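Asks: need the 3D shape of this:
(chains A and B)
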Protein chains: 2
Amino acid sequence: MVVTPEPGPGPVGILGGMTFADQALLAKDASRTLATLNRATKDAALHAMADALAAAASVVLEANARDVAAARASGTSDSLVDRLTLTPARIAGMVDGLRSLAGLPDPVGDVVRGWTNANGVRVRQVRVPLGVVGIIYEARPNVTADAGGICLKSGNAALLRGSSSAINSNLAVTAALQDGLAAVALPREAVQLVEGGREVTAEMMAARGLVDVLIPRGGAGLINAVVEGSKVPVIETGTGNCHLYVDASADQEMAIQIMLNAKVQRPSVCNSLETLLVHAEIAPVFMPKALAALAAAEVTVHGTPAVVAYSDIVVPADEAEFEGEYLSLDLACDIVDSIDSALAHIRRYTTGHSETIITDDRRAAERFVAEVDAAAVLVNASSRFVDGGEFGFGAEIGISTQKLHARGPMALPEMTSTKYVIDGAGQIR
Amino acid sequence: MVVTPEPGPGPVGILGGMTFADQALLAKDASRTLATLNRATKDAALHAMADALAAAASVVLEANARDVAAARASGTSDSLVDRLTLTPARIAGMVDGLRSLAGLPDPVGDVVRGWTNANGVRVRQVRVPLGVVGIIYEARPNVTADAGGICLKSGNAALLRGSSSAINSNLAVTAALQDGLAAVALPREAVQLVEGGREVTAEMMAARGLVDVLIPRGGAGLINAVVEGSKVPVIETGTGNCHLYVDASADQEMAIQIMLNAKVQRPSVCNSLETLLVHAEIAPVFMPKALAALAAAEVTVHGTPAVVAYSDIVVPADEAEFEGEYLSLDLACDIVDSIDSALAHIRRYTTGHSETIITDDRRAAERFVAEVDAAAVLVNASSRFVDGGEFGFGAEIGISTQKLHARGPMALPEMTSTKYVIDGAGQIR
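Replies: Numbers count the residues shown, from 1 in each chain, chains lettered A, B, ... in the order given. Got it, this is the predicted structure:
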C-alpha cells in the first residue's frame, strides 16, 4: 500500500502552545484507541508511517541539516554530531525499520496462561498494552521513528522526549509519522514529540497515572537522573560495564577471538567489552598473545601493576577505570588468582548487563552462570550477541539492566502488561 | 522433620546497634547464598522455620500481648487492635502457611523460553530470585511470617519493615524464623526485621543497588508514600475501588447474588465491591430488589439523586464517595444510561484492581473486557475470586495494581526475575 498523505497541520503539541499535561491527556485518549486495534490495522499504520517518512525525506534532511549546523557551531564533538546526522541511507533505514515492525507478530491479545477453576470460573491472563510510554533519549533522531513504531505496534501511545539538539529533525520525523497515522484514520496523538526545557522532563517524571512507564535511553547520567527522580515506573536500560573472564581452563585462541570481537566490533555500544580478567595460571602464556592481538587492533590496555609487568605498552589503570564504560578502543585489565577473585571483581563492578567466562571446565562454567548477577551470562561466546536483533526479536527498544518487568533485550512483548480476564456463569465465593 | 532449635542470639539488627545499611549489606550477602539453594534445602528451611515458630508460640503470644496492651492504652481502634492481635489459632495459621509454602513448586531455575541461534549459540531465559526484597507493612504480625516464608521460597532475602505498634510481636516472630534458618545452617540474615523511625523507611526507599524491590502492603496512604518517594523499584499493591456494572441484559438474580457476595463476604479486603452501577433500562425493576437485598445484608447504600429516588433508606452520596474504598458495609451507587457511561465512570474512578460486568450480551461483555483497564476484568463472577488462593497459586504476597512486572495476584513466580544464559563454542559476530 502506498499512501500519499496530505500535508498535516504539524506535530501535535508544537502548535497552540500545548502543555505537557495536555499532551499526556491526548496520549491517554489515543492509547485507549490503540489498545483495541487489531494487528492488521496497526500494520497498515506502520506502512503508512513508513510511506510518509519516505515521502518527507527531503524535508527531514533539511531540518536535520539545521540541527547539525547548530551543533557544529556550538562545538559539539564529532561523535555526537555523527549520531545526530541523518543521511538518505539512515532515513531509508528508519523506513525499513517501520516496515519490518509490520512483519512481526503482535503480542497484544496473546494468552500467557489460563485455566478453569474447580467451580467452572475460567481465568485467562492476556497481554495488553502498557498504555502511555514515555521515552527520554539523546540526540539520535532515528530513535524517534524506531520508538514511535515499536510503541504503535505494541498498542502504546508514545511520548517522545528527544534532545533539544535534534529538535528540528525530531519535529520533521514526528510530523511524517503523524501524517502516516492520519492517512489510516488513526489519531495523530498516538505518537507525540515532547518539547521544552528541563522542567518538561520533570513533568514527565511526575506524571504518575498519565504516563504508565518511562524508558530512558542514553548515557549513565541520563538514566540515573530518570531512575532517581521519577515517580512514574521506570525501565532502566543500558549501561554495560561488561567483563570477560578467561579461566585457567580456557581455550586461549577462542578467548582471544571472543575478546577481540567483544571489544573491537563496535566499541561504542553497551554490550561491548570493557574489562578483561585473566586467571594467573595461564597469564604467562596468554597475556603476551592477548596484548599483541589487542595492540594490533589498536586497543589501549589499561592495567594493574600485574598487567603492566607484561608490557610497557600497558597504561597503568587507576581504580576508577574498572568502574565505568570506556565505549572506545580502551580496555581495563587485571590478573586474578582464582575464579573466586574474578567473581568478586565482577560483583563489585558489574552494571548487571552482560558478563562472560571463557572456560572448558564444567564446574567453572556452572559457578559463573549461577553466581554472576546480570541480565545475561555467557559461556564461550561474544557479549555482542546480547542484542534484540541477534536474539531474533526483530525489534529492540533497549536492554534492561533492572530486575523488574524485563531484563535483557526488550522487544514487543516487553512493551506489554497483562490483564486477567475472568469468565463466569454467576459463581460466588 | 522436627527441629528443636537452640535459643538464638536474637534477631539480627536488633543487637549491636546495627544501621539499616549494615542490615542491607548482610541481606545482600545472604541473597547470594539463597540464590543458589535447591528446592529441597529451601523446603527444609521452611519446615524448620515452622517448627521454630510453633515452639516459640508462647513467647510470641507474650510479646504480642505487650503490643496489644500498648495499642489499647494509646486508644487504637478496635479493628486495628484486631489485626494486631495474635492467638494460638493465628500462630498455627502462620506455621501452616510456612509448611504449605514448602509444598509449592520452586520457580527458581524454571526455563521460561530458550532457543538455538543459526550459529549454534544456545540461549535460555531462566528464572532467578530478585535478590533483596523489602516489604513495608502495617500492624499485622502474621505478615512477618508469610512474607519471610515467600521470600525464602523464592530465593530472596527479606528486609521486613513492620509497624512500630507490632514491634514486640515482629521481633519474636523474626527470632523464631531466624532460629529455624540457623537450624538448617542457613544465614539468619536471610530474614531480617528492620526497625527504627521514619528515617529508616526513607533509607530503605533510597537503597538503590542494595534493595532490589520494595513492596508496600497496607492502606492507600502507605502505598502512595512509598511509590512517590522510592528510588528503589516498587511494586504497587492493593487499593481496590472495585465496580460492578449491571448491564441492561443482566440476569438480575445473578447480579444480586454476585453483588451481595462481592460486597458482604469480606468487606475489608481490596477485591470487595465498592461501587454499583446499574443500567437505567433495568433500574426500575432491579433497584427495588437490589436495595432490599442490600438492606437485609445491613449494607448502607450511598447514592446519587437517581438512586435516592428509589428509596429513602439511600444516603445521598457526594462525589468523593465514588473515589475511595469504604472497606466496610457501605456501597456507592449510580444509575447509568448506557455501557458507555458505565465505562466512563469506571475509567474516571478505577484504581485498576478488579472490575465486573453482569451481562448476557456478548457485545457488551467483549467491550467491557477490552476497554476496562484493570488487573482483572470479570464477566458474571464475583470480584472476590481475584485472589492468589482462589487462583490456585498457594501463596500471595499481594495484588499488584501496576502494569510493570506483575499485575494482579502475585505469587512465587512474580517474586523472581530472569537471566539469559548463553552457551557457545567460540562464536563471534
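Asks: which parts of the stretch 201-350 of chain A sit against chain B?
Replies: Residues of the stretch 201-350 of chain A found near chain B (Cβ under 8 Å from any Cβ of the partner chain) are A:208, A:212-213, A:227-228, A:231, A:233-235, A:251, A:254, A:257-258, A:260-262, A:265. Glycine gets a C-beta too; all of them are placed from N, C-alpha and C.
Asks: which of those count as buried?
Replies: Listed as buried from these are A:212-213, A:227, A:231, A:233-235, A:251, A:254, A:257-258, A:260-262; burial here means 16 or more other Cβ atoms under 10 Å in any protein chain shown.
Asks: whatever residue of the stretch 251-400 of chain A ends up closest to chain B: neighbour count?
Replies: Of all residues in the stretch 251-400 of chain A, A:A381 sits closest to chain B, at 2.7 Å by Cβ to the nearest Cβ. Using other Cβ atoms under 10 Å in any protein chain shown, the number of residues around A:A381 comes to 29.
Asks: that one contacts B:V123, correct?
Replies: No - contact criterion Cβ atoms under 8 Å: A:A381 and B:V123 do not qualify, at 9.5 Å.
Asks: give me the common contacts of these two.
Replies: Listed as contacting both A:A381 and B:V123 by Cβ atoms under 8 Å, 6 or more residues apart in numbering or on different chains are B:I422, B:D423.
Asks: now the helix or strand bottoming out on mean pLDDT in chain A: buried residues?
Replies: Within chain A, no helix or strand scores below helix A:220-229, which has a mean of 88 by mean pLDDT, DSSP states H and E. Under the neighbour-count criterion of 16+ other Cβ under 10 Å, helix A:220-229 has A:L222, A:I223, A:A225, A:V226, A:V227, A:G229 buried.
Asks: stretch A:61-75 now?
Replies: A:L61, A:A63, A:N64, A:D67, A:V68, A:A70, A:A71.
Asks: from the contact counts, what lies against the one helix or strand A:A292 maps to?
Replies: Here A:A292 is covered by helix A:283-296, with elements defined by DSSP states H and E. In terms of contacts (3 or more Cβ pairs under 8 Å, 6 or more residues apart in numbering or on different chains; DSSP states H and E), helix A:283-296 is packed against helix A:252-264, strand A:273-279, strand A:300-303, strand A:330-336.
Asks: picking up where we left off before, could you identify the helix or strand that succeeds the least confident helix or strand of chain A?
Replies: In N-to-C order, the element after helix A:220-229 by DSSP H and E is strand A:242-246.
Asks: identify all contacting residues around that following strand.
Replies: Contacts for strand A:242-246 (Cβ under 8 Å, 6+ apart): A:252, A:255, A:258-259, A:262, A:270-279, A:282, A:286, A:290, A:336, A:339, A:342, A:345-346, A:349-350, A:353-358, A:368, A:383.
Asks: how does chain A divide into domains?
Replies: According to automatic domain parsing, chain A is divided into the following domains: A:15-105+A:126-237, A:242-389.
Asks: turn those domains into JSON lines, including distance to B:L98.
Replies: Shown next, in JSON lines, are these (distance: least, Cβ to Cβ, whole Å):
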{"stretch": "domain A:15-105+A:126-237", "distance to B:L98": "31"}
{"stretch": "domain A:242-389", "distance to B:L98": "26"}
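Asks: show me what contacts A:A30?
Replies: A:A157, A:P187, A:E189, A:A190.
Asks: compare these and tell me which is most surrounded.
Replies: Top of the contacts of A:A30 by neighbour count (other Cβ under 10 Å): A:A157, with 32 neighbours.
Asks: now it: phi and psi?
Replies: phi -80, psi 140 (degrees, to the nearest 10).
Asks: A:T416 now?
Replies: When read as degrees, to the nearest 10, the backbone of A:T416 gives phi -120, psi 160.
Asks: just the element for the nearest residue in space to it that is not next to it in sequence, please.
Replies: Leaving aside its chain neighbours, A:T416 sits nearest to A:R127 (4.5 Å; criterion: Cβ to Cβ, 6 or more residues apart in numbering or on different chains). Per DSSP H and E: A:R127 is located in strand A:122-129.
Asks: what packs against that strand?
Replies: Short answer (3+ Cβ pairs under 8 Å, 6+ apart): strand A:122-129 packs on helix A:20-35, strand A:111-116, strand A:416-427.
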